[in-house]
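*Asks:* Provided below are the primary sequence and the corresponding predicted coordinates.
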Amino acid sequence: MTDETDGTFVVTHADAESAVLRDVDSGQVHTLGDGHEVEAGDVLTATLAPEPPLAVTMEVVEVTAHRHVTLESSAEPPTTQERDIAAEQGVGELTKRERAGKGEIHVITVPAAETDAAVEDVLDDEETLARAARIPDVTRVEVRSDAEAGTVSVRYLP
């Protein structure tokens, strides 16, 4: 019997002594002991196992894929397509679309006065990184906004 766990994990925190990984499908959190070679923002498709002798922390048994995802706020405004999507939806609505090529675009409409706060919420939300991890080849999340229109676009990019 093995206690190994296979999955896709996002590194939500890493320092010299430990790292915290979150399974993007189950939400389960695992702690790696020292000796890890990951940093916050990394996405691992891997196998984890309890670290002997106490099995309090986990160790990486095998990594089949490793990428780093960056999250950034862009000074660029939403694209014409994103503005058109926002114009068709009400405040508080979210529309998801595949990008031409690879990735996804999420368009969110918010009250105009709350646009900057919405951008910060997206950048600070661990789920943004988890979504990026679920989309193949995504290595960058770019958030664009238009404060006058109350439009926030989240672009998941390769």
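*Replies:* That came through fine.
*Asks:* per-residue pLDDT, the residue most central in space within the chain?
*Replies:* Central residue of the chain (Cα atoms, centre = their mean): L129, 0.9 Å from the mean position. What the model reports for L129 is a pLDDT of 95.
*Asks:* then it would be within a strand, right?
*Replies:* No: using DSSP: H, G, I helix; E, B strand; the rest coil, the secondary structure at L129 is helix, not a strand.
*Asks:* and it, how far is that from R22?
*Replies:* 8 Å (Cβ to Cβ, to the nearest Å). Where C-beta positions appear, they are placed from N, C-alpha and C, glycine not excepted.
*Asks:* overlap in contacts of those two?
*Replies:* Here L129 and R22 have V10, T12 as joint contacts, going by Cβ atoms under 8 Å, 6 or more residues apart in numbering.
*Asks:* and the residue nearest to the centre of the chain, what does it touch?
*Replies:* V10, T12, G41, V43, V69, L71, V141.
*Asks:* separation between it and T12?
*Replies:* Counting by Cβ to Cβ - L129 and T12 are separated by 7 Å.
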